[in-house]
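>>> here is my input, please return the structure:
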Amino acid sequence: MLRKSTVGMVMAFMVLVIWVVMAGAMEIPRISKEKLKPMLGNPEVVVIDVRTFFDLKMSVKQIKGAVREDPDPTKVKSWAKKYSKGKTIVLY
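Residues are numbered from 1 along each chain as shown. Purely as a prediction, here's the structure:
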């Protein structure tokens with residue numbers, strides 16, 4: 001049983017790494033915290049916290065007003081539909 005869950009975790013990690021690499025290859029625009037700060041609170045900007053469970057637990061900070069979503073690549077399509085394509089989406 002332990003071996004099966006370990007293999008599953010390794011597979012999930014590999015999928016996440018591939019997803020991150022592919023996202024980098026798509027040249028996703030980046031924004032600095034200095035540019036984001038004045039945008040916070042604007043209804044046309046949605047900030048989504050997609051940190052892994054481990055990173056979330058290790059951090060004591062969160063962007064005020066950010067929405068938490070599961071970074072699992074198999075779940076992104078389901079929650080991504082909730083957000084308007086006309087808004088500025090910031091993932092962190």
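
>>> mind listing what's buried along stretch 40-56?
By neighbour count with 16 or more other C-beta atoms under 10 Å, stretch 40-56 contains the buried residues 46-51. Glycine gets a C-beta too; all of them are placed from N, C-alpha and C.

>>> what of stretch 81-92?
Buried, per 16+ other C-beta under 10 Å, within stretch 81-92: V90.

>>> who's in contact with K75?
E69 (C-beta atoms under 8 Å, 6 or more residues apart in numbering).

>>> what's the answer for W79, then?
W79 sits in contact with 69-70, where contact means C-beta under 8 Å, 6+ apart.

>>> tell me which of the buried residues of stretch 40-56 fall in strands.
Among the buried residues of stretch 40-56, the members falling in strands (DSSP state E) are 46-49.

>>> make TSV from those residues and add distance to W79 to it.
Shown next, in TSV, are these (distance: C-beta to C-beta, whole Å):
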residue	distance to W79
V46	11
V47	14
I48	8
D49	12
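
>>> out of those residues, which comes closest to K35?
K35 lies nearest to V47 out of those, by C-beta to C-beta, at 12.6 Å.

>>> what is that closest one paired to in the beta sheet?
V90 (DSSP bridges).

>>> and the pLDDT at it?
Looking at V47, its pLDDT is 94.

>>> cool, and the one 10 residues further on?
Reading off the confidence values, K57 has pLDDT 83.

>>> for it, grab the count of nearby residues.
Neighbours of K57 under the rule other C-beta atoms under 10 Å: 9.

>>> give me the element the residue lying closest to G41 once chain neighbours are set aside is part of.
With sequence-adjacent residues excluded and distances taken as C-beta to C-beta, 6 or more residues apart in numbering, G41 is closest to G65, at 6.6 Å. Of the helices and strands defined by DSSP states H and E, none includes G65.
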